[in-house]
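sequence? don't have it. structure:
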Ligand code: NAD
Ligand code: TYD
């Protein structure tokens, strides 16, 4: 099978391509990526010469190039990871998020329709449900109440997918996963930012009081879930994916765990001005994907430890990223907080 994977030079997409190329020798994978600041060819350096791996540089909102790629490679299925993904950047500059996460998804759906693609899997997020009250776990049928320009744009993408299902009967699926962590995550997200700051002996900026709750899942567990939904998911359905941490872990607790692993104390924490519109808690009900046969394999303690080791052993990878545009971004985000 020839599968188009968009956004495969990013954090989750690159981990997913590595997972698929090793597991399915009968698949050809075509990675279509715009190479934004988050798209890094080094993420897939180890497989770039693999004959079953191809790369096309392009924007998913460019319908002519999407159509040409589908025809050139005789694409049969599409998995869409491509997105602008950082909430803080979406607060600064929401327009790019609409272009990629909403319009780009629409362009892919039009191509699915035109070329009768056999399966389209949209990689979405639990953030589309918005803030969740303590004790409640979002179900796939819950109303979408996104709070940030990022989550609103992802919700816009999901709604396009569901509308194309209903109207044109397209063979679509959606996954909505909680916060991922692991190797190759761009150091703007909390864990790689904090791990690399601590290694560099820099303080870590905790927003507000750090009492917000995210449900941290290792990227390998997410990749397994995407693989399962792609192969066994029921067409037209949405599947939540999460770690269901019990007890739940606040940002401050996660920060302290990270400091502890790196042998540093709480004096490294700097409490800074809160994020605008900051969602307090995300939590999803994963019973539907569990019925398909998925379960989390990596607990947070061991996953955090191996992730920290990866950033300790791959300083060249992230030191290159923490320069140039990143420094300008960091200054904009953090200097007046
Ligand atoms: P990332 O920011 O690390 O990577 C995004 C990738 O998409 C980059 O390679 C970038 O170059 C590419 N891209 C961006 N705009 C594009 C465009 N217009 N055309 C083609 N490529 C484009 O993101 P990530 O953390 O790997 O997230 C991947 C997907 O998973 C996203 O759809 C995101 O919403 C979703 N998701 C992420 C998380 C998380 O915790 N990171 C959790 C749940 C869902
Ligand atoms: P982030 O990794 O940006 O993911 P998301 O906003 O998609 O959940 O942020 C995770 C949590 O960490 C979120 O509650 C915001 C918080 N946070 C900080 O406290 N400090 C930081 O420097 C960053 C980047 C995030």
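Nice, thanks for sending it over. Being a predicted model, the structure only gives us computed values, none of them experimental. Ligands and ions are numbered 1, 2, ... in the order given.

Could you check how far residue 304 is from residue 333?
24 Å (Cβ to Cβ, to the nearest Å). For glycine as for every other residue, the C-beta is placed from the backbone atoms N, C-alpha and C.

Can you pick out the residue with more neighbours from the two?
residue 304 (23 against 18; other Cβ atoms under 10 Å).

So for whichever residue of the chain sits closest to ligand 1, what's the pLDDT?
Per Cβ to the nearest ligand atom, residue 10 is where the chain lies closest to ligand 1, at 2.0 Å. Residue 10 carries a pLDDT score of 98 in this model.

show me the contacts for residue 138.
The contact partners of residue 138, by Cβ atoms under 8 Å, 6 or more residues apart in numbering, come to 126, 129, 132, 240, 282-285.

give me the number of residues near the residue lying closest to the residue of the chain closest to ligand 1 once chain neighbours are set aside?
Spatial nearest neighbour of residue 10, excluding adjacent residues (Cβ to Cβ, 6 or more residues apart in numbering): residue 38 at 5.1 Å. Using other Cβ under 10 Å, residue 38 has 23 neighbouring residues.

wait, doesn't residue 38 sit right on residue 12?
No. Taking contacts as Cβ atoms under 8 Å, residue 38 lies outside contact range of residue 12: 10.6 Å.

in the helix or strand encompassing residue 196, what's buried?
Element membership for residue 196 (DSSP states H and E) is helix 190-199. Within helix 190-199, the residues scored as buried using 16 or more other Cβ atoms under 10 Å are 190-199.

repeat for stretch 320-333
For stretch 320-333, by 16+ other Cβ under 10 Å, it's 321-322, 326, 329-330, 333.

next one: stretch 133-150
Of all the residues in stretch 133-150, those buried under the rule 16+ other Cβ under 10 Å are 137-138, 140, 142, 144, 146-150.

Farthest pair within the residues you listed?
Farthest-apart pair in these is 137 and 149; separation 24.9 Å (Cβ to Cβ).

What is the end-to-end distance of stretch 30-42?
One end of stretch 30-42 sits 16 Å from the other (Cα to Cα, to the nearest Å).

Number of residues surrounding the residue of the chain closest to ligand 1?
25.

That one and residue 39, how far apart?
In terms of Cβ to Cβ, residue 10 sits 6 Å off from residue 39.

Helices along the stretch 101-250 of the chain, start to end?
105-114, 149-168, 190-199, 219-232 (DSSP state H, counting those that start in this stretch).

got those as TSV, with distance to ligand 2 and mean pLDDT columns?
Shown next, in TSV, are the helices of the stretch 101-250 of the chain (distance: least, Cβ to the nearest ligand atom, whole Å; pLDDT from 0 to 100):
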stretch	distance to ligand 2	mean pLDDT
helix 105-114	18	99
helix 149-168	7	98
helix 190-199	4	98
helix 219-232	13	99
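
of all the ones you listed, which lies closest to residue 265?
helix 190-199 (10.6 Å).

so residue 199 sits right up against residue 311, yeah?
Yes. Using Cβ under 8 Å, residue 199 is in contact with residue 311, at 6.8 Å.

one step back: now check the helix holding residue 196, is it near ligand 1?
No. Using Cβ under 6 Å from any ligand atom, helix 190-199 stays clear of ligand 1, with a minimum separation of 9.5 Å.

And that helix, what does it pack against?
Using 3 or more Cβ pairs under 8 Å, 6 or more residues apart in numbering; DSSP states H and E, the elements in contact with helix 190-199 are strand 204-207, helix 251-261, helix 300-313, helix 315-321.

Disregarding flanking residues, what is the spatial nearest neighbour of residue 6?
Distances taken as Cβ to Cβ, 6+ apart put residue 82 closest to residue 6, at 3.8 Å, once the chain neighbours are dropped.

Let's verify the one you found: helix, strand, or coil?
coil (DSSP: H, G, I helix; E, B strand; the rest coil).

ok, it touching residue 60?
Yes. Counting by Cβ under 8 Å, residue 82 does reach residue 60; the two are 4.8 Å apart.

what touches both of those two?
Contacts common to residue 82 and residue 60, judged by Cβ under 8 Å, 6+ apart, are 6-7, 32, 34, 100, 104.

Narrow those residues to those in strands?
With strands taken from DSSP state E, the overlap with the shared contacts of residue 82 and residue 60 comprises 6, 32.

For the stretch 151-300 of the chain, which residues are neighbours of ligand 2?
179, 189-190, 193, 205-207, 212, 214, 251, 275.

Please read off the pLDDT at the nearest residue to residue 320 once chain neighbours are set aside from the model.
Residue nearest to residue 320 in three dimensions, not counting chain neighbours: residue 42, with 7.9 Å by Cβ to Cβ, 6+ apart. We have a pLDDT of 97 for residue 42.

right, and residue 42 touches residue 318 too?
No. Applying Cβ under 8 Å, one finds residue 42 not in contact with residue 318, separated by 10.2 Å.
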